[in-house]
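S.K.: Using only what follows, build the 3D model:
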Amino acid sequence: MLRTALQLRKAITRYQEVNFRDFDDGDSISPADWAALAGVVNFFQPFEQVIREVEGDRTTLDNVLVTMDFLVAHYKAAHVSVSHSASEYQLTCLLNS
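M.R.: Residues are numbered from 1 along each chain as shown. Below is the predicted model of the structure:
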């Protein structure tokens, strides 16, 4: 769903511009919000790939453990990256996920 929203960003932004009177303050999607959404999509992309790789009846515990190690490393790398470059809001979201 977020990927679709990002693909339709121009149309959504245009809709907001045309109908700005219908939105309360803070209800429209700001450039910072779009950046945060893109970050969320990028962060969760490996999870989607890993789930597809380990689903099914033929997955072994070894495969699952390797993918779990990969996801832990991905999370730690994202945590370090976000803590150096993100806003306080983004950092709070990541740490509480």
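S.K.: Check which element follows the helix or strand that contains residue 33 along the chain.
M.R.: In the assignment (DSSP states H and E), residue 33 maps to helix 31-54. Beyond helix 31-54 on the C-terminal side, the first helix or strand identified by DSSP H and E is helix 61-85.
S.K.: Just want the angle from that following helix to helix 31-54.
M.R.: 170 degrees (axes from the mean of the first three to the mean of the last three CA atoms, to 10 degrees).
S.K.: and the most centrally placed residue in the chain, what does it touch?
M.R.: Centroid-nearest residue in the chain, with CA atoms, centre = their mean: residue 40, separated by 1.2 Å. By CB atoms under 8 Å, 6 or more residues apart in numbering, the contact list for residue 40 reads residue 2. C-beta: built from backbone N, CA, C; applies to glycine.
S.K.: Could you tell me the per-residue confidence at it?
M.R.: pLDDT recorded at residue 40 is 88.
S.K.: separation between it and residue 62?
M.R.: Here residue 40 is placed at a distance of 30 Å from residue 62 (CB to CB, to the nearest Å).
S.K.: Also residue 21?
M.R.: From residue 21 to residue 62 the distance is 58 Å (CB to CB).
S.K.: With residue 41 instead?
M.R.: Distance from residue 41 to residue 62, by CB to CB: 29 Å.
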